[in-house]
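Asks: I'll drop the sequence and a predicted model, then ask my questions.
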Amino acid sequence: GADSLVSPLNHVNLGQSTNDALPTAARIALLNELTTTVKALRQLAAAMRDKGDEFKDVLKMGRTHLQDAVPITLGQEFHAWAKAFDRDADRIEYSAEGLKSVNLGGTAVGTGLNADVEYIRLAGLTMQETDYTPDDGFVMYGRSTDGVITLRQTAHITIESCRLQGIGKAAIHSDGDRDNRLCADTIRHTAEGGIYLSNSAGGTVISDNEIHHLGWVYKHVAGISGGDEVHGALISHNHVHDTTRWGISVGHTTSTHNIVEYNHIHDCNTESYDTGGLEVTQQSRDHNSGSIFRYNLIHDTGGYSCTLGRDMWNSWGIYLDSYAGGFTVHHNVVYRAWDGGLMVQGGKDNKVYNNIFVDNGPRRQTLIAHFQQNSTGTEFHHNIIAYKDPASVAVYCGRQAPDSLARWDSNLYYAGAGQEVKVYLPSNEPYERWFVPLSAWQALGFDKESLIADPQFADPGEDDYRLKDTSPALGLGIEPVDLREVG
């Protein structure tokens, strides 16, 4: 029959040869049957001992060399047979240990050619106090080339409930892998970064990890980083904090259809500049990632640097850097990101909706740059932007940025009681006239259906940004953001 659904090589033998698959199957079959065999021998030995006790007084002639020798009891003969059966059972159990070493994976000639490493589980291990080395890819803005745990060309590997602490390299480096699960691990106090993923064909899950205090030596690191050619990865329910640069960095130039959701990211970017809590960098002007950022809680990102002794701060909550395009960003809550809650730099077809941005940046809450005049198709709707700093603007536009917008409407703005909501809108007018009221922005055709009103958060003093039932945001069609499953 056809092998389009079930391939004898890929699905049955899983890429193995008869030279390793059949001997392995024979050993496993023997191991499965040996328990029954040994049990039967032990029972037979016990029966012999019982008969030995029963016949202990029956005297008979012992024989050697086919002739009578000296007297012996029949019971002694049965006890001798019992001993022989027990000895054989012991020999079988001892020999069985050798059967547990199998040659599966050696393929045709024992070298492992054409076989991936698959179906291995590491759980409950602690790795700590490992050496730092500067030659593992972390130079300038480079990425790791190996880690404390390095996976290459693997599949169906699980690393869970492990602790990696006080380590000199990235904790986990995964390159060319698929369908792996990196879950419930604790990664802390590292000289470099956390989990680094590249060239993943699909199915990788990174979830429920506790990752913090990274970058003690090399600063340009992330808690979780996805490089080029990462497809269909799920990054969820992670708690990432106290990192010198990114919390989670994904996408890059050739990656697609990744989902980042329900992560708690905070206190990042403590020793680096021009960065973000949740960030993506893309060099292709036209690549469409098809990736999703949703239901993430991001707050207190720094972005520190200095020049000539002067402190500088630049960090975004969510940063679609360079030409990052094709991202859908929804139902996230971002507050106290130093330079703004959101930056869309130069990508195409990004959709941002139903997010809550609160008290981000002293200058601006969101920035739409239209970098290199590359952006088109940007959508920003049904979002809440609330802030108290009277010097800040709700929307900060690069030159000609309005030309890149496909939709900007149905948002709720609030700058505090009695405060005017402003937009930074460059023009040919003097600089001081670039700060315009929302009405000037609306005159360009944007935010026609938007409101300026108190969003009525549940308890903003305690960073509880759930919406009260009386919130005017609900009337705009803005949905409450449920973050109970975050982290």
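Replies: Cool, the structure landed. Numbering: from 1, shown residues only.
Asks: residues of the lengthiest helix in the chain that come out buried?
Replies: Scanning the chain for the longest helix, with DSSP state H as the assignment, gives helix 18-54. Buried residues in helix 18-54, counted by 16 or more other Cβ atoms under 10 Å: 20-21, 24, 27, 34, 38, 41, 44-45, 48-49, 51-52. Quick note: C-beta positions are derived from backbone N, CA and C, even for glycine.
Asks: next structured bit after it?
Replies: Downstream of helix 18-54, the next assigned helix or strand under DSSP states H and E is strand 59-64.
Asks: List the pairing partners of that following strand within its sheet, with orientation.
Replies: Here strand 59-64 is paired, per DSSP bridges, with strand 67-73 (antiparallel).
Asks: List of residues touching whichever strand or helix holds Tyr196?
Replies: Using DSSP H and E, Tyr196 sits in strand 195-198. Strand 195-198 is contacted from outside by 143-144, 147, 170-177, 182, 187, 204, 206, 209, 211, 222-230, 233, using Cβ atoms under 8 Å, 6 or more residues apart in numbering.
Asks: Mind checking which of those are in helices?
Replies: Members of the contacts of strand 195-198 lying in helices (criterion: DSSP H): none.
Asks: between the longest helix of the chain and strand 67-73, how big is the angle?
Replies: 70 degrees (axes from the mean of the first three to the mean of the last three Cα atoms, to 10 degrees).
Asks: which helices and strands does helix 18-54 pack with?
Replies: Other helices and strands packing on helix 18-54, by 3 or more Cβ pairs under 8 Å, 6 or more residues apart in numbering; DSSP states H and E, are helix 74-99.
Asks: helix or strand right after the helix it packs on?
Replies: Next in sequence after helix 74-99, counting helices and strands by DSSP H and E, comes strand 117-118.
Asks: Just checking: what are the partner strands of that following strand?
Replies: Here, using DSSP bridges, strand 117-118 pairs with strand 154-155 (parallel).
Asks: can you list contacts of whichever helix or strand comes after the strand it pairs with?
Replies: Using DSSP H and E, the helix or strand that follows strand 154-155 in sequence is strand 158-160. Strand 158-160 is contacted by residues Ile120, Arg121, Leu122, Ala123, Ile149, Ile172, Asn180, Arg181, Leu182, Cys183, Ala184, Asp185 when judged by Cβ under 8 Å, 6+ apart.
Asks: try 6 Å this time
Replies: Identification of contacts with strand 158-160 by Cβ atoms under 6 Å, 6 or more residues apart in numbering yields Arg121, Leu122, Ala123, Arg181, Leu182, Cys183, Ala184.
Asks: So which of those residues sit within strands?
Replies: Among those, the residues falling in strands (DSSP state E) are Arg121, Leu122, Ala123, Arg181, Leu182, Cys183.
Asks: Identify the bridge partners of the last one.
Replies: Okay, so that is Cys183. Beta bridges link Cys183 to Glu160, Ser207, judged by DSSP bridges.
Asks: Grab the most central residue of this structure for me.
Replies: Taking Cα atoms, centre = their mean as the criterion, Ile206 is the residue nearest the geometric centre of the chain, at 2.6 Å.
Asks: Tell me how far that one lies from Asp459.
Replies: Going from Ile206 to Asp459 by Cβ to Cβ, to the nearest Å gives 32 Å.
Asks: repeat for Gln16
Replies: Using Cβ to Cβ, one obtains 59 Å as the distance from Gln16 to Asp459.
Asks: same thing with Leu234?
Replies: Distance of Leu234 to Asp459, given as Cβ to Cβ: 32 Å.
Asks: cool, and Glu449?
Replies: In terms of Cβ to Cβ, Glu449 sits 28 Å off from Asp459.
Asks: likewise Ala82?
Replies: In terms of Cβ to Cβ, Ala82 sits 78 Å off from Asp459.
Asks: which one of the two has more residues nearby?
Replies: Ala82 (20 against 10; other Cβ atoms under 10 Å).
Asks: Ignoring the adjacent residues along the chain, who's closest to Asp179?
Replies: Nearest residue to Asp179 in three dimensions, chain neighbours excluded: Gly203, at 3.7 Å (Cβ to Cβ, 6 or more residues apart in numbering).
Asks: Thr376 too?
Replies: Lys348 (5.0 Å).
Asks: Any idea how many residues pack against that neighbour?
Replies: Residues lying near Lys348 (other Cβ under 10 Å) number 18.
Asks: same deal with Thr73?
Replies: By the criterion of other Cβ under 10 Å, Thr73 has 16 neighbours.
Asks: Below-threshold pLDDT in the chain: ranges please.
Replies: 1-5, 7, 9-11, 13-15, 114-115, 140-141, 251-252 (pLDDT under 70).
Asks: picking that back up, can I have the buried ones of the contacts of strand 195-198 as a PyMOL selection?
Replies: A single PyMOL command is used to select the members of the contacts of strand 195-198 judged buried by 16+ other Cβ under 10 Å:
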select buried, resi 143+144+147+170+171+172+173+174+175+177+182+187+204+206+209+211+222+223+224+225+226+227+229+230+233
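Asks: So for whichever strand or helix holds Gly166, what gets flagged as buried?
Replies: Here Gly166 sits within strand 163-167, counting by DSSP H and E. For strand 163-167, a neighbour-count test (16+ other Cβ under 10 Å) marks Arg163, Leu164, Gln165, Ile167 as buried.
Asks: can you pull the contacts of the third one?
Replies: What it means is Gln165. Neighbouring residues of Gln165 by Cβ under 6 Å, 6+ apart: Gln128, Arg188, His189.
Asks: Generate a PyMOL selection restricted to the buried subset of those residues.
Replies: Listed next is the PyMOL selection for buried residues among the contacts of Gln165, using 16+ other Cβ under 10 Å:
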select buried, resi 188
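Asks: quick one: which of the contacts of Gln165 sit in strands?
Replies: Judged by DSSP E, strands contain the following of the contacts of Gln165: Gln128, Arg188, His189.
Asks: Now render those as TSV, adding distance to Leu405.
Replies: Shown next, in TSV, are those (distance: Cβ to Cβ, whole Å):
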residue	distance to Leu405
Gln128	50
Arg188	42
His189	44
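Asks: so which of those residues would you say is closest to Trp441?
Replies: Arg188 (44.8 Å; Cβ to Cβ).
Asks: residues in contact with Tyr323?
Replies: By Cβ under 6 Å, 6+ apart, the neighbours of Tyr323 are Gln282, Arg285, Gly346, Gly347, Asn374.
Asks: Would you check that the last one makes contact with Gly346?
Replies: If I follow you right, that is Asn374. Yes. Under the criterion of Cβ atoms under 6 Å, Asn374 makes contact with Gly346 at 4.3 Å.
Asks: Which of the two has more residues huddled nearby?
Replies: The neighbour count for Asn374 versus Gly346, taken as other Cβ under 10 Å, is higher for Gly346 (21 against 17).
Asks: Identify the spatial nearest neighbour of the more buried one, chain neighbours not counted.
Replies: Distances taken as Cβ to Cβ, 6+ apart put Phe371 closest to Gly346, at 2.9 Å, once the chain neighbours are dropped.
Asks: can you count the residues close to that neighbour?
Replies: With other Cβ under 10 Å as criterion, Phe371 counts 19.
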